[in-house]
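Asks: Sharing a model prediction with you, sequence too.
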Amino acid sequence: MASDAKKILLVEDEKAIRDAVAAYLEREGYWVRSVGDGQSAVEEFEKHTFDLVILDLMLPKLSGERVCRAIRDTSDVPIIMLTAKGEVEDRIIGLELGADDYLIKPFSPRELVARVRALLRRVRAESEPQLEVLDFGELVIDISGHKVTVGGKEIDLTASEFKLLTTLARYPGRVYTRMELVEKVLGYDFEGYERTIDSHVKNLRAKLGDDPRDPTWLYTVHGVGYRFEAPEKPADDADAEDK
Ligand code: CA
């Protein structure tokens, strides 16, 4: 195995799925550490550095939800949640907890690998230097520094939330459909994942302190998608720009 292999923590209590997924990922060149319960997941995560986490929601000892929270306390590592078929609300909960993506069982290992690749590619693209700062006064998005501040205070966004915000904010006023946002933010073209975007927008609004009923930045375009609006700058800012 190449020493620069991406390291994946796989957390799944069903041994058959765990073994199959681990074997598939290893064949694709990833380094995989697999564990079968939530407690071991948290312990492994503290011991090693991982590039990505694949996390089942229903786990013995400590639930996937609790594991996700524990990881998010210290890290913005990409997380893919696995949920059983029909656990619709559960998968939404997963995204609200800060997972970047989810897959519903049963899934093909090939699809999982495609998601892993897309997520790792996205994280890499985001870490490449792009000298760009979007300054909307109260809200400043430092794309090169991967930093967002509201009123001078830095806010903590997941990779997906950051990508969503920068996608919308690059073109204020332009309406993006949910499907477009799925492609741009999640990095693949897959029907039926529009609700993922709704969850990310909800999280993003909460973190920005943007009221959906009276938004400053993120507007819902009913039946279509979302758009970003740059508010008018205060008068003294406008004066400063004229000088
Ligand atoms: Ca399970």
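Replies: Perfect, I can see it now.
Asks: The one helix or strand Val42 maps to: which residues count as buried?
Replies: Taking DSSP states H and E as the definition, Val42 sits inside helix 38-47. Residues 38, 40-42, 44-45 are the ones in helix 38-47 that count as buried (16 or more other CB atoms under 10 Å). Where C-beta positions appear, they are placed from N, C-alpha and C, glycine not excepted.
Asks: what's the closest of those to the ion?
Replies: Within the buried residues of helix 38-47, proximity to the ion (CB to the ion) peaks at Gly38, which comes in at 9.9 Å.
Asks: does the residue nearest to the closest one when sequence neighbours are not counted count as helix, strand or coil?
Replies: Leaving out its chain neighbours, the residue that sits closest to Gly38 by CB to CB, 6 or more residues apart in numbering is Leu62, at 2.8 Å. Look at Leu62: counting by DSSP: H, G, I helix; E, B strand; the rest coil, its state is coil.
Asks: i'd like the first residue to be 18 from this point on
Replies: Taking 18 as the first residue, the last one we looked at is Leu79.
Asks: Count the neighbours of Val157 for me.
Replies: Val157 is surrounded by 17 other residues when neighbours are defined as other CB atoms under 10 Å.
Asks: who's in contact with it?
Replies: With CB atoms under 8 Å, 6 or more residues apart in numbering as the criterion, the residues that contact Val157 are 150-151, 165-166.
Asks: can you put those in CSV and add secondary structure and distance to the ion?
Replies: Formatted as CSV, the contacts of Val157 follow (DSSP: H, G, I helix; E, B strand; the rest coil; distance: CB to the ion, whole Å):
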residue, secondary structure, distance to the ion
Val150, strand, 43
Leu151, strand, 41
Val165, strand, 34
Thr166, strand, 39
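Asks: pLDDT at the residue in the chain that the ion sits nearest to, what is it?
Replies: Of all residues in the chain, Met75 sits closest to the ion, with a separation of 3.9 Å (CB to the ion). pLDDT recorded at Met75 is 89.
Asks: now swap in Glu104 and tell me
Replies: You'll see Glu104 listed with a pLDDT of 61.
Asks: hang on, the earlier thing: sec struct for the residue of the chain closest to the ion, please.
Replies: Bear in mind the rule, three-state DSSP; under it Met75 is coil.
Asks: So which of the buried residues of helix 55-64 reach the ion?
Replies: Subset of the buried residues of helix 55-64 in contact with the ion: empty, counting by CB under 5 Å from the ion.
Asks: Need those residues in CSV (columns: distance to Asp30).
Replies: Rendered in CSV, the data for these read as follows (distance: CB to CB, whole Å):
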residue, distance to Asp30
Gly55, 9
Ser57, 10
Ala58, 10
Val59, 14
Glu61, 14
Phe62, 16
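Asks: Quick check: buried residues in the helix of greatest length in the chain?
Replies: In the chain, ranked by residue count with DSSP state H as the criterion, the top helix is helix 126-144. Residues of helix 126-144 classed as buried: 126, 129-130, 132-137, 139-140 (neighbour count, 16+ other CB under 10 Å).
Asks: Equivalent analysis for stretch 149-166, please.
Replies: Going by neighbour count (16+ other CB under 10 Å), the buried part of stretch 149-166 is 151, 153, 155-158, 160, 165.
Asks: Repeat that for stretch 236-249.
Replies: Buried, per 16+ other CB under 10 Å, within stretch 236-249: 236, 242-245.
Asks: Show me the two of those that sit farthest apart.
Replies: Put simply, by CB to CB the two of the buried residues of stretch 236-249 set farthest apart are Gly242 and Phe245, 11.2 Å from each other.
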